[in-house]
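# fold the stuff below for me.
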Amino acid sequence: MINFFTAENGMLQSCSEPSPGCWISVVAPSSHEIKELIEVYGLDSGFVKSSLDEEESSRIEREDDQTLIIIDTPVSIVDEDNTQSFYTHPMGIILTEDYVFTITLKETHLLTDATSGMIRNLRPAFKTRFVLQLLLRIATQFLSHLKQIDKISSAAEQQLHDAMKNELLMQLLALEKSLVYFSTSLKANEATIEKIFRGRVIKLYDEDQDLLEDVLIEMKQAIEMSSIYTGILSSMMDGFSSVISNNLNLVMWRLTIITVILQIPNIIFAFYGINTVDLPIPYTWFPITLTLFLTSLTAFLLSKWKKK
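Predicted coordinates for the structure are as follows:
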């Protein structure tokens with residue numbers, strides 16, 4: 001799907017036909033639309049394919065009069081078992097002489113925020129500033145998702161103190177995996193932004209320097225938060241693993257005590273079940289009393305030893 005947007009009175013407005021200085025948003029394009037991007041708009045075929053590659057890493061590249069920026073954007077999903085997880089999805093930004101293209105396989109919150117007016121003063125005609133505003137929004141979304149991860153993990157930790165449930169452990173594992181994705185993508189994004197900061201690939205203007213610095217600061221903060229939350233979550237998982245192991249040891253210990261205690265009656269009654277007539281004290285009350293005494297004594301001694 002290809003949509004065209006232009007800025008009017010500081011707000012993005014949808015238009016039916018592209019004009020110089022407009023933003024062309026491409027989401028999950030068909031084969032016909034991909035052909036149109038290459039043949040009609042003259043986009044580099046390699047740039048288009050890279051933008052639609054889910055495994056493409058963040059980078060910046062220039063070819064003739066076109067510049068490609070691949071940036072990872074955060075995405076959150078809820079599985080069928082109500083487990084919330086996060087991952088990253090690449091989005092391609094292609095700058096040409098007349099247009100700014102964003103190409104992605106899936107609709108993202110970034111595009112929704114941009115088209116709904118949540119990002120103020122978006123002007124595609126000012127290509128460098130437009131790109132930096134999108135990058136700043138991506139960094140802000142990473143920070144927002146990281147705070148959400150921290151909130152979910154804290155809530156799961158409190159619930160696990162009350163009852164150890166598999167669903168909560170699976171949620172923590174999903175968050176731990178999400179932080180790995182975030183950490184990798186954030187570092188790649190940072191490297192791309194630092195290349196932009198040098199001003200060798202995209203022309204930077206004096207009024208854009210502060211915005212670029214804000215983008216870099218937000219991205220570094222997201223990387224630091226991701227590292228902190230990863231360490232906390234890893235320690236939490238190690239702690240719960242130790243608790244589970246300790247609980248398993250307690251269960252095995254109790255089963256062992258029960259097994260030992262139950263062996264005493266079996267031994268005594270098996271002994272009196274032998275076909276011999278010369279057993280001492282062949283009365284019924286004696287083996288029963290002996291069994292109760294030895295069983296109680298064994299249980300008492302084992303419980304005292306466990307407390308030590």
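# check which residues of stretch 16-33 are buried.
Neighbour-count burial for stretch 16-33, counted by 16 or more other CB atoms under 10 Å, picks out 18, 21, 22, 23, 24, 25, 26, 27, 29, 33. All C-beta atoms are positioned from the backbone trio N, CA, C, and that covers glycine.
# could you pull out the strands for the chain?
Secondary structure of the chain (DSSP state E): strands located at 2-8, 11-15, 23-27, 59-63, 66-78, 84-95, 100-104.
# each with direction, which strands does the longest one pair with?
In the sheet containing strand 66-78, its partner strands are strand 59-63 (antiparallel), strand 84-95 (antiparallel), by DSSP bridges.
# I'd like the average pLDDT over the shortest one.
It refers to strand 59-63. The average pLDDT for strand 59-63 rounds to 87.
# how far does that strand sit from the chain's center?
28 Å (CA atoms, centre = their mean, to the nearest Å).
# ditto for the longest one
For strand 84-95, the separation from the chain centroid amounts to 13 Å (computed by CA atoms, centre = their mean).
# try stretch 197-214
Worked out by CA atoms, centre = their mean, stretch 197-214 lies 30 Å from the chain centre.
# show the average pLDDT along that stretch.
79.
# end to end, how far does it reach?
11 Å (CA to CA, to the nearest Å).
# so what touches it?
60-62, 67, 95, 128-129, 131-133, 136, 193, 195-196, 216 (CB atoms under 8 Å, 6 or more residues apart in numbering).
# what's the answer for stretch 152-160, then?
Taking CB under 8 Å, 6+ apart as the rule, stretch 152-160 contacts 84, 165, 168, 169, 171, 172, 175, 229, 232, 233, 236, 240.
# count of neighbours near the third one?
It refers to residue 168. Residues near residue 168, counting by other CB atoms under 10 Å, number 19.
# how many other residues sit next to the nearest residue to it once chain neighbours are set aside?
Nearest residue to residue 168, sequence neighbours excluded (CB to CB, 6 or more residues apart in numbering): residue 156, at 4.8 Å. Using other CB under 10 Å, residue 156 has 20 neighbouring residues.
# measure residue 156 to residue 247 for me?
For residue 156, the distance to residue 247 equals 18 Å [CB to CB, to the nearest Å].
# coming back round to it: let me know the pLDDT of the residue nearest to residue 168.
79.
# check the one 10 residues further on too.
Residue 166 is assigned a predicted lDDT (pLDDT) of 73.
# so what's the residue count around it?
Neighbours of residue 166 (other CB under 10 Å): 8.
# gap between the most centrally placed residue in the chain and residue 110?
Nearest residue to the geometric centre of the chain (CA atoms, centre = their mean): residue 178, 1.6 Å. Using CB to CB, we find residue 178 at a distance of 18 Å from residue 110.
# over to residue 171?
Residue 171 is 26 Å from residue 110, by CB to CB.
# want to throw the strands of the chain into CSV with distance to residue 225?
Shown next, in CSV, are those (distance: least, CB to CB, whole Å):
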stretch, distance to residue 225
strand 2-8, 32
strand 11-15, 30
strand 23-27, 29
strand 59-63, 23
strand 66-78, 12
strand 84-95, 13
strand 100-104, 25
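# can you tell me which helix in this structure is longest?
Determined from DSSP state H, the single longest helix within the chain is helix 209-272.
# angle of that one against strand 66-78?
Calculated by axes from the mean of the first three to the mean of the last three CA atoms, to 10 degrees, helix 209-272 forms an angle of 40 degrees with strand 66-78.
# and residue 233, what is it in contact with?
Contacts of residue 233 (CB under 8 Å, 6+ apart): 153, 172, 175, 176, 179.
# pLDDT wise, what is it at?
At residue 233, the pLDDT recorded in the model is 80.
# what do you get for residue 242?
At residue 242, pLDDT is 67.
# same question for the one 10 residues further on.
As summarised for this prediction, residue 252 has a pLDDT of 78.
# burial measure for residue 125, as a count.
Residue 125, neighbours per other CB under 10 Å, totals 15.
# that one against residue 21, yeah?
Yes - Residue 125 is in contact with residue 21 according to CB atoms under 8 Å; the separation is 3.4 Å.
# any idea how far residue 116 is from residue 126?
20 Å.
# could you chop the chain up by domain?
Listed by automatic domain parsing, the domain ranges of the chain are 2-246, 260-307.
# what does stretch 236-248 contact?
153, 157, 160, 164, 169, 172, 173, 176.
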